[in-house]
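Task: produce atomic coordinates for the following.
(chains A and B)
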Amino acid sequence: MRSQAGSRRRTAGRTRTVQTPSRFRLADLASEAIAGLLQRPGRSALTVLGTIAGIGGFVAIVALSQTAAGQIGKDFNVQDATQVTVNDTGARGGSANPTMDFPMNADALADRIHGVLAAGVWWQVNFQPTVSALPPSANGTKVGLPVTAASPGALVASGAQLAAGVLFNQFHEASAQDVAVLGKTAAAQLGISSLVNEPAIFIGGQPFTVVGILADDPRLPQLNLGVTVPESAALHLWGRPPSYSAAQMLIHTKLGAAQVVAEQAAVALRPDNPKLLTATAPTNQAQLKKSVTTSLNAVFVALAGVALIIGAVGIANTTLVAVLERAGEIGLRRALGARPRHIAIQFLAESTALGLFGGLVGACLGVLVAIAVTISEHWTALLDARIVFAAPAAGAAIGLLAGLYPALRASTIEPADALRR
Amino acid sequence: MTSASDEPPVIQLSAVGYTYSGPPPVQALKPTDLVIRHGEHVAIMGPSGSGKSTLLNLLGLLDRPTEGKLEIDGIDLGRASERDRAAVRARHIGFVFQSFHLLPHRSAVENVMLAQVYADTPRRQRYAAAMSALGGVGLTKRAHALPTELSGGERQRVAIARALVNRPSLLLCDEPTGNLDTAATSELTDLLGALHGQGTTLLVITHNPVVAARAQRQIRIRDGMLSEQGPALPEHPELPEDPWAQEDPWVQEDPGANHGERNGGSHALPGG
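As a prediction, the model looks like this:
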């Protein structure tokens, strides 16, 4: 090459270097690839079946598992999963003979159970007293508000969030202080928005100091509407809860501990007579359903994966056969100015187009299957839109990979040999 | 013909040789000097295995010489990059093959347009240029026929249109009449003659003495060695002196028919 440089210069004035190189524009590439596939439409369609099955399977499985997860989510959430309720069976009582089967130190006893984050007893006071922000002698607004008795632990376990002030605590409980926590709505009704002046309210004429105003209470939403007072004060003023409004315990557990806590609660609270109490854990059916779905999914994903591999091998095989069959065409294209890379890219484009087509059809079929199942199960169909768009891209990627070797083979075919065939 | 010696060379071979690496190594083309100038019509004749195909592959830049220097239009291409060689094939060389090499699923005009893809002709201009090239070979009316609907002679004319559509400096024909009957051969020979008359540089490799007889220069090749046979032969090549004539199936089939067919033979095209 170097030795020729001088002679090149000698012929200066005619041609120096070759002008523009031969090209294979994107538009030409696309039309050549499509033309290549349409030459044998039947074969192209058969080749792409594996990809359609694989991609369609994936999309259907993802859609169905997302849909199923959506259904589970309707009944199952973390808040419910970490909540245990202990009820008084009322075995000893009746409306005529109110009982209280939770010990006074129930909060502390429940806290000892492994997995318990907070626990407390509460009940609805058995009458709806009038509540006023002014003494009974004054002519202020009186409203009927529900009054709830609760141990300090109940407010913690219920996840009470404060807008102002504090929750009553173990001190208030132990000394039966006449303090109250107002629900958000109750505070508005009573016209109390600030605790700066230590406002008092009168429940059935009995004064209570307001120590806190709730912003929200997710597990005991009824507390938002009324007044909550310490358990000890309620027992002292109004007596035991009746059986129709029996006391119950709310336990907030760690995630996954609810079942075990429920089994131990009655014994821990009343070792002398566990039968007085009964604990309810959240249903575990949802988890069962989910685990079944997951193991089924694994089987189907594996099947779809096998279909995809078969699809890729099919595309690779068909493309390789096409390369060998079309050796003459490859030679011709080289003679017409195609470079090896132009040949490689053409076959890559053909295999990629096959994969893309398979991905498109597969994604459509997968979505249709998922919708059909959803309709028959009366579910709400759920599918991440990204999956629908990713599926054809995945098909194209599979086609691209499958075409690598055939394309390499095609690009290394010697034009002189190929033209002789 | 005007004296071609004033024209610039299209092809210049300086001691170009080709040896198949083997084993054992075979010297298919012995070091050869050859100049083909613009506007020339050259026939290369030789028996099978004489090195014709090797020479054609070298001239068409489909293969690289193992020695010597090969220039086309003044560009040294023997050792040039594939990029440069492909560019020259796309724009400077037109190929016509014995087996036509038309893509079977594309119409005549689409086959012609294939050559414009790699030469990077703007897409809008392709159809008109391809139709014009087909018009040049008398196939305007058959432009949308598939190759299977065309006769052998028509197919070869499509191939010629494809070879000419990019206005190459050189038309390389490899046994262009090898698959044609006598009538089609005659028509094609006339077409090549007409193209030459229009200034196309033609290099035809052929077994057929009639085709060779139309060339200005006749070069014989045997055992990888070229020998020039002087000025163009008259109308009637002297077959008995051709030492390879008996190897030519065309001659064996119908000896002597080559004279009469050229003027008076049937022009019915098979399948056309």
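
give the contact list for the nearest residue in space to A:V301 that is not next to it in sequence.
Excluding the flanking residues, the one nearest A:V301 by Cβ to Cβ, 6 or more residues apart in numbering or on different chains is A:I61, at 5.8 Å. In this view, the C-beta of every residue, glycine as well, is placed from N, C-alpha and C. Contact analysis of A:I61 by Cβ atoms under 8 Å, 6 or more residues apart in numbering or on different chains lists A:N297, A:F300, A:V301, A:A304, A:G366.

excluding its backbone neighbours, what's nearest whichever residue of the stretch 151-300 of chain A sits closest to chain B?
Nearest to chain B, among the residues of the stretch 151-300 of chain A, is A:F300, at 39.5 Å (Cβ to the nearest Cβ). Nearest residue to A:F300 in three dimensions, chain neighbours excluded: A:I61, at 4.8 Å (Cβ to Cβ, 6+ apart).

Let's verify that neighbour: helix, strand, or coil?
Following DSSP: H, G, I helix; E, B strand; the rest coil, the label given to A:I61 is helix.

which parts of the helix or strand where B:A161 lies are buried?
Assigned by DSSP states H and E, B:A161 falls within helix B:152-164. For helix B:152-164, the neighbour count (16 or more other Cβ atoms under 10 Å in any protein chain shown) marks B:152-164 as buried.

Packing partners of it?
Counting contacts by 3 or more Cβ pairs under 8 Å, 6 or more residues apart in numbering or on different chains; DSSP states H and E, helix B:152-164 is packed against strand B:93-96, helix B:108-118, helix B:123-136, strand B:170-174, helix B:182-197.

Tell me which of the ones you listed sits nearest to chain A.
helix B:108-118 (3.6 Å).

what's the angle between that closest one and helix B:152-164?
20 degrees (axes from the mean of the first three to the mean of the last three Cα atoms, to 10 degrees).

B:K52 contacts B:I44, doesn't it?
Yes: at 6.2 Å, B:K52 counts as touching B:I44 under the criterion of Cβ atoms under 8 Å.

any residues in contact with both of these two?
B:I205, B:I221.

low-scoring pLDDT stretches of the stretch 251-400 of chain A, where are they?
A:283-296 (pLDDT under 70).

Could you report the neighbour count for A:G191?
11 (other Cβ atoms under 10 Å in any protein chain shown).

For it, give me its contacts.
A:A133, A:T141.

quick one, phi psi at the residue in the stretch 1-150 of chain B that chain A sits nearest to?
Of the residues in the stretch 1-150 of chain B, the one nearest chain A is B:A90, at a distance of 2.4 Å by Cβ to the nearest Cβ. When read as degrees, to the nearest 10, the backbone of B:A90 gives phi -70, psi -40.

pLDDT value on the closest residue to B:G94 other than its chain neighbours, please?
Residue nearest to B:G94 in three dimensions, not counting chain neighbours: B:A163, with 3.0 Å by Cβ to Cβ, 6+ apart. Note for B:A163: predicted pLDDT of 93.

residue contacts, B:A163?
Counted by Cβ under 8 Å, 6+ apart, B:A163 has contacts B:G94, B:F95, B:V96, B:A115, B:L171.

Show me what the helix or strand containing A:A30 is packed up against.
In the assignment (DSSP H and E), A:A30 maps to helix A:26-39. For helix A:26-39, the packing partners by 3+ Cβ pairs under 8 Å, 6+ apart come out as helix A:340-377.

in stretch A:43-57, what counts as buried?
Here stretch A:43-57 shows A:S44, A:T47, A:V48, A:L49, A:G50, A:T51, A:I52, A:A53, A:G54, A:I55, A:G56, A:G57 as buried, counting by 16+ other Cβ under 10 Å.

now stretch A:120-140
A:G120, A:V121, A:W122, A:W123, A:Q124, A:V125, A:N126, A:P129, A:V131, A:S132, A:A133.

what's the answer for stretch B:204-218, then?
B:204-215, B:217-218.

now, the most widely separated pair of these?
Greatest spatial distance in those: B:H207 and B:R217, 17.1 Å, computed using Cβ to Cβ.

Could you pull up the residues touching A:A385?
Contacts of A:A385 (Cβ under 8 Å, 6+ apart): none.

hang on, the earlier thing: surely the residue of the stretch 151-300 of chain A closest to chain B meets A:G56?
No: judged on Cβ under 8 Å, A:F300 makes no contact with A:G56 at a distance of 11.2 Å.

Please identify the helix or strand for the residue in chain A that chain B sits nearest to.
In chain A, the residue that lies nearest chain B is A:G337 (2.4 Å; Cβ to the nearest Cβ). Using DSSP H and E, A:G337 maps to neither a helix nor a strand.

which stretches of the stretch 101-250 of chain A have low pLDDT?
Ranges of the stretch 101-250 of chain A meeting pLDDT under 70: A:136-140.

Could you tell me which residues of it lie near chain B?
Within the stretch 101-250 of chain A, not a single residue sits near chain B (Cβ under 8 Å from any Cβ of the partner chain).

can you pull out the strands in the stretch 101-250 of chain A?
A:116-124, A:130-132, A:142-144, A:147-150, A:161-165, A:179-182, A:200-203, A:206-216, A:227-230, A:248-253 (DSSP state E, counting those that start in this stretch).

Run the chain-centre distance for the longest one.
Same thing as strand A:206-216. Distance, stretch centre to chain centre, for strand A:206-216: 37 Å (Cα atoms, centre = their mean, to the nearest Å).

so which of the helices and strands packed on helix B:152-164 gets nearest A:L214?
Here helix B:123-136 is closest among those (Cβ to Cβ), at 73.2 Å.

Give me the residues contacting that closest one.
Counting by Cβ under 8 Å, 6+ apart, A:27-28, B:108-109, B:112-113, B:116, B:121, B:140, B:142-143, B:158, B:161-162, B:164-165 sit against helix B:123-136.

by how many degrees do that helix and helix B:108-118 diverge?
Using the same axes, to 10 degrees: helix B:123-136 against helix B:108-118 is 130 degrees.

In helix B:123-136, which of the residues would be classed as buried?
Neighbour-count burial for helix B:123-136 [16+ other Cβ under 10 Å]: B:R126, B:A129, B:A130, B:M131, B:A133, B:L134, B:G136.

A:A410 against A:R333, yeah?
No: checked against Cβ under 8 Å, the pair A:A410 and A:R333 is beyond contact range at 9.7 Å.

Return every residue with contacts to both of those two.
A:I343, A:Q346.

Look at B:Y18 and give its secondary structure.
Assignment for B:Y18 (three-state DSSP): strand.

again, but for the one 4 residues further on
Secondary structure assignment for B:G22 (three-state DSSP): coil.
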